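Q: Quick one: sequence plus predicted model below, questions after.
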Amino acid sequence: MLKTEISKMDLFGSTIDSNKNLLPYGGTVNYYGELFSQAEADGYFDVLWNTIDWKNDEAFIMGKHIITKRKVAWYGDSDYAYTYSRSSKTALPWTAELLSLKEIAEEKTGTTFNSCLLNLYHDGDEGMAYHSDDEKALAKNSAIASISFGAERKFLLKHKQTKETIGIFLANGSLLVMADETQTNWLHRLPTTKKVSKPRINLTFRTMN
Ligand SMILES: O=C(O)CCC(=O)C(=O)O
Ligand SMILES: [Fe+2]
């Protein structure tokens, strides 16, 4: 099984090539690195921490009602209903900071987004299991723009058939974009880790039908 890890050295400073596809086949993933200074990124982290309507996520997994330690929130243009693992959510109206981040993501990707799913991981004990963002409500093969604030965490992609994995560290204030057939052919996850004791906030801007 092929395992590629994009190291922080490869991605350091001006050597980041946001045009490079990090996937060898079956989709497109681009890493834009840090969009903000550390001070700006820390400012966004604080505002999001304090102003977002964070709630523990509920899900039904294999018939069991689960309440996650990770917190989530869901914002959008209109009150989209969003259902996964049989729990449903209704989008809240954009905050000022989410709107400005949405505009930055749109400018970088040349696409538009109408909603955002936010995740708050208090520390490395919290993560997200392998999944694809391929719910029916999402526009097929539409780009997903992922902006991260706070603790740097490793993000993994695994091809559904070949099991090839790609690892990438998502820095404070960075943008990652998953596009084209990525959700059809690849899974992704945020592994838990003993190495991280600080919180991280992740925003995924999406296009709902
Ligand atoms: O926290 C991350 O970087 C990934 C979040 C994610 O995959 C999701 O919200 O669907
Ligand atoms: Fe996801």
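A: Now that the structure is in, tell me what you want to look at. Ligands and ions are numbered 1, 2, ... in the order given.
Q: which one in the protein is furthest away from the centre?
A: Gly63 (26.1 Å; Cα atoms, centre = their mean).
Q: On the pLDDT front, check that residue for me.
A: As predicted, Gly63 sits at a pLDDT of 84.
Q: Phi first, then psi, for it.
A: phi 80, psi 0 (degrees, to the nearest 10).
Q: Over to Gly127?
A: Dihedral angles (degrees, to the nearest 10) for Gly127: phi -150, psi -160.
Q: would you put the C-alpha positions of the longest strand along the chain in PDB?
A: In the chain, taking DSSP state E as the definition, the longest strand is strand 64-76. Extracted C-alpha coordinates of strand 64-76, given in PDB (Å, rounded to 0.1, in the frame of the first residue of the first chain):
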ATOM      1  CA  LYS A  64     -26.600   3.600  18.900                       C
ATOM      2  CA  HIS A  65     -27.300   7.200  19.900                       C
ATOM      3  CA  ILE A  66     -23.900   9.000  20.100                       C
ATOM      4  CA  ILE A  67     -23.200  12.400  21.500                       C
ATOM      5  CA  THR A  68     -19.700  13.500  20.400                       C
ATOM      6  CA  LYS A  69     -17.200  15.500  22.400                       C
ATOM      7  CA  ARG A  70     -16.400  17.400  19.300                       C
ATOM      8  CA  LYS A  71     -18.700  20.400  18.800                       C
ATOM      9  CA  VAL A  72     -20.300  21.400  15.500                       C
ATOM     10  CA  ALA A  73     -22.300  24.200  13.900                       C
ATOM     11  CA  TRP A  74     -24.000  24.700  10.600                       C
ATOM     12  CA  TYR A  75     -24.500  28.100   8.800                       C
ATOM     13  CA  GLY A  76     -25.800  29.000   5.400                       C
END
